[in-house]
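In: whatever this is, show me its structure:
(chains A and B)
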Amino acid sequence: MTANDTIATLEDALPLEALPLDAWHRARGARMVGFAGYHMPIQYDGIMAEHGWTREHAGLFDVSHMGQLTFSGEGVDEALELLLPSDIRGLKPGRQRYSMLLDRDGGILDDLMVSRPADGAFDDAAIYMVVNGATKYDDIGWMIEHLPDDVVMNHMADQALLALQGPEAGEAMAALVPGTAELIFMQCGAFEWNGVPLWISRSGYTGEDGFEISLPADAAVAFADALCALPQVKPIGLGARDSLRLEAGLPLYGHDLTPAVSTIGADLGFAIQKRRREEGGFIGHGRVMKELADGPGAKRVGLTIEGRLPAREGAQIYVGDVQVGDVTSGGFAPSVGAPIAMGWVSLPHSAIGTALEIEVRGKRIAAVVAPMPFVPHRYRRKA
Amino acid sequence: MSRYFTDEHEWIDVEGEIATVGITDYAQEQLGDIVFVELPAEGTTFDKGDDAAVVESVKAASDVYAPISGEVIEANGALEDEPALVNSDAEEDGWFFKLRMTDPSELEGLMTEAAYKKFVAAL
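Out: Here you go, the predicted structure:
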């Protein structure tokens, strides 16, 4: 028996590093795998149980592998607007936005979260950014190349990053940090717990209400212990993180998003606000404008799958004898109770309801282009 | 009846010329929640080492090899409706398929339960 576990083989050329909560995960019975260059917990009790717990209660995820960056200095907004297609000048203090880095051809180099701390609220930074773990060093290199000397970028390598996600995340977080009850989706601010400074945003990548918490690495164990001592909270591994985000219709960089694909095809046009579309002035603008006018060649779509056989990343999508796309993420969806997938298909076959076939081990299985998310988002939109 | 084990984490119960094949409890625990099992059709013939079945967990697909040569006489239909049987009862009700062996001498290289336990403990 051999497992073709793609997570375990990523970055296997380099020695893996330990994150601040490494021993904490192992002590809780986590199975550790290599991911983005680090030892990370793929599961504790099992992916199905952890997935279900997060949808019903609150799950604690260690995402300390992700890159945390701050930016400061004269002209930081203008400098970042060259790199990001999103409206940075219009980003208010205490607000966060989803954005991405594009290459000159409009291909996606990474997707990310960008926020503006109020004056002096976090590391004296004008802008705080969270990028993917596997791409962070490439991102840093790309940005150094394109930022003017007056803008200072700091990689916060000594910060841990946790995510608390689920319908009970709000009450759990409020039990430790009462002020967080005021935050709504995509708001952020500085808080304190037992003298530890916390930078908290109300956001996440599961489709549920929840928070992402940046804190000094040396306080991560104590804070994770305090959260998991609450009845609502259990630690959750990468496996369930992946099934949760897939059900939420959220793309995973390196799989659903790559330098070969574009923002408009990825259905991420919401990240490019009206002023930026009109004015341009960011790397990759040409492709965005062309695809807004003419349509993209292919689109990222959701797929529901008939039967119980999962279609996974790399499976080819057909109409008759013609290949029209590829699955880029797929698996069994615990909350749906059936396999689902995300993939890229050529524009004429991308409309909701289009019947397609996916080839899995030489067999064709029936699939239909479906609206995403597969499981409704439950973000906290209003106080 | 004798039970044999392979280093690919399969178990084989042998009764006369019939071998019942499944994956071990250790294997199901490593795989995690099993959501689909693709079983061979009756009448399929295997040489030892051929791809015989596929186990899909939430996370990944894993191949199961034919531990010995033979012809499939029955597949465990219960796994179609309840793939999680492999998690809950890997070494009894969660069996995969029965083979009519064509070369019982292949059993000679396999492990006993005690040897398999030692093998797993060393992993």
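
In: chain A contacts on chain B?
Out: Proximity of chain B to chain A, by CB under 8 Å from any CB of the partner chain, involves residues B:8-10, B:23, B:27, B:30-33, B:35-36, B:38, B:54-65, B:83. Where you see a C-beta, it was placed from the backbone N, CA and C, and this is true even at glycine.

In: mind checking which of those are in strands?
Out: Members of the residues of chain B next to chain A lying in strands (criterion: DSSP state E): B:10, B:23, B:35-36, B:38, B:54-57, B:61-65.

In: redo these as a markdown table? Include neighbour count, pLDDT and distance to residue A:166.
Out: Shown next, in a markdown table, are those (neighbours: other CB atoms under 10 Å in any protein chain shown; pLDDT from 0 to 100; distance: CB to CB, whole Å):
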| residue | neighbour count | pLDDT | distance to residue A:166 |
| --- | --- | --- | --- |
| B:10 | 24 | 97 | 38 |
| B:23 | 27 | 97 | 33 |
| B:35 | 25 | 95 | 22 |
| B:36 | 18 | 95 | 27 |
| B:38 | 23 | 95 | 33 |
| B:54 | 17 | 95 | 33 |
| B:55 | 25 | 96 | 29 |
| B:56 | 24 | 95 | 26 |
| B:57 | 27 | 94 | 23 |
| B:61 | 21 | 91 | 29 |
| B:62 | 21 | 93 | 30 |
| B:63 | 17 | 94 | 35 |
| B:64 | 25 | 95 | 35 |
| B:65 | 18 | 95 | 40 |
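
In: spatially, which two of those are the most separated?
Out: Comparing every pair within these by CB to CB identifies B:35 and B:65 as the most remote, at 20.7 Å.

In: quick check: residue A:356 is in a strand.
Out: Yes: the assignment for residue A:356 is a strand, going by DSSP: H, G, I helix; E, B strand; the rest coil.

In: surely it and residue A:319 touch.
Out: Yes: here residue A:356 reaches residue A:319: they are 6.1 Å apart, a contact under CB atoms under 8 Å.

In: quickly list what's touching both of those two.
Out: Residues touching both residue A:356 and residue A:319 (CB atoms under 8 Å, 6 or more residues apart in numbering or on different chains): residue A:349.

In: neighbour count winner among the two?
Out: Counted by other CB atoms under 10 Å in any protein chain shown, residue A:356 and residue A:319 do not tie: residue A:356 has more neighbours, with 22 against 16.

In: contact partners for the more buried one?
Out: Here residue A:356 is in contact with A:303, A:317, A:318, A:319, A:324, A:325, A:345, A:349, A:366, A:367, A:368, A:369 (CB under 8 Å, 6+ apart).

In: for the helix or strand where residue A:33 lies, packing partners?
Out: For residue A:33, the host element (DSSP states H and E) is strand A:31-35. The contact analysis (3 or more CB pairs under 8 Å, 6 or more residues apart in numbering or on different chains; DSSP states H and E) places strand A:31-35 against helix A:6-9, helix A:22-27, strand A:38-43.

In: redo that, cut-off 7 Å
Out: helix A:6-9, strand A:38-43 (3 or more CB pairs under 7 Å, 6 or more residues apart in numbering or on different chains; DSSP states H and E).

In: which residues does the longest one contact?
Out: Strand A:38-43 is touched from outside by A:7, A:16-19, A:22, A:25, A:30-33, A:50, A:62, A:65, A:237-239, B:32, with contacts defined as CB atoms under 7 Å, 6 or more residues apart in numbering or on different chains.

In: distance-wise, check residue B:52 relative to residue A:127.
Out: Taking CB to CB, to the nearest Å as the measure, residue B:52 falls 55 Å from residue A:127.

In: and the residue of the stretch 51-200 of chain A nearest chain B?
Out: residue A:51 (7.9 Å; CB to the nearest CB).

In: list the buried residues for the longest helix anywhere in chain B?
Out: The longest helix of chain B (DSSP state H) is helix B:113-121. Using 16 or more other CB atoms under 10 Å in any protein chain shown as the test for burial, helix B:113-121 gives B:116, B:120.

In: helices or strands up against that helix?
Out: Judged by 3+ CB pairs under 7 Å, 6+ apart, helix B:113-121 is in contact with strand B:2-5.

In: give me that answer again for 6 Å
Out: If you count contacts as 3 or more CB pairs under 6 Å, 6 or more residues apart in numbering or on different chains; DSSP states H and E, helix B:113-121 packs onto no helix or strand.

In: what about it, average pLDDT?
Out: Across helix B:113-121, pLDDT averages out at 96.

In: chain center to it, what's the gap?
Out: 16 Å (CA atoms, centre = their mean, to the nearest Å).

In: and the contacts of it?
Out: With CB atoms under 6 Å, 6 or more residues apart in numbering or on different chains as the test, helix B:113-121 has contacts from B:5, B:26.

In: for the residue in the stretch 151-300 of chain A that chain B sits nearest to, give me its contacts.
Out: Closest approach between the stretch 151-300 of chain A and chain B, counting by CB to the nearest CB: residue A:239, at 5.2 Å. The contact partners of residue A:239, by CB under 6 Å, 6+ apart, come to A:42, A:43, A:47, B:59.

In: repeat that for residue B:1.
Out: Taking CB under 6 Å, 6+ apart, we find residue B:1 in contact with B:13, B:15.

In: and what of residue A:308?
Out: For residue A:308, the contact set (CB under 6 Å, 6+ apart) comprises residue B:36.

In: how about 8 Å then?
Out: Per CB under 8 Å, 6+ apart, neighbours of residue A:308: A:332, A:338, A:339, B:35, B:36, B:83.

In: possible to save those residues as JSON lines with distance to residue A:247?
Out: Below are these laid out as JSON lines (distance: CB to CB, whole Å):
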{"residue": "A:332", "distance to residue A:247": "10"}
{"residue": "A:338", "distance to residue A:247": "11"}
{"residue": "A:339", "distance to residue A:247": "11"}
{"residue": "B:35", "distance to residue A:247": "14"}
{"residue": "B:36", "distance to residue A:247": "17"}
{"residue": "B:83", "distance to residue A:247": "19"}
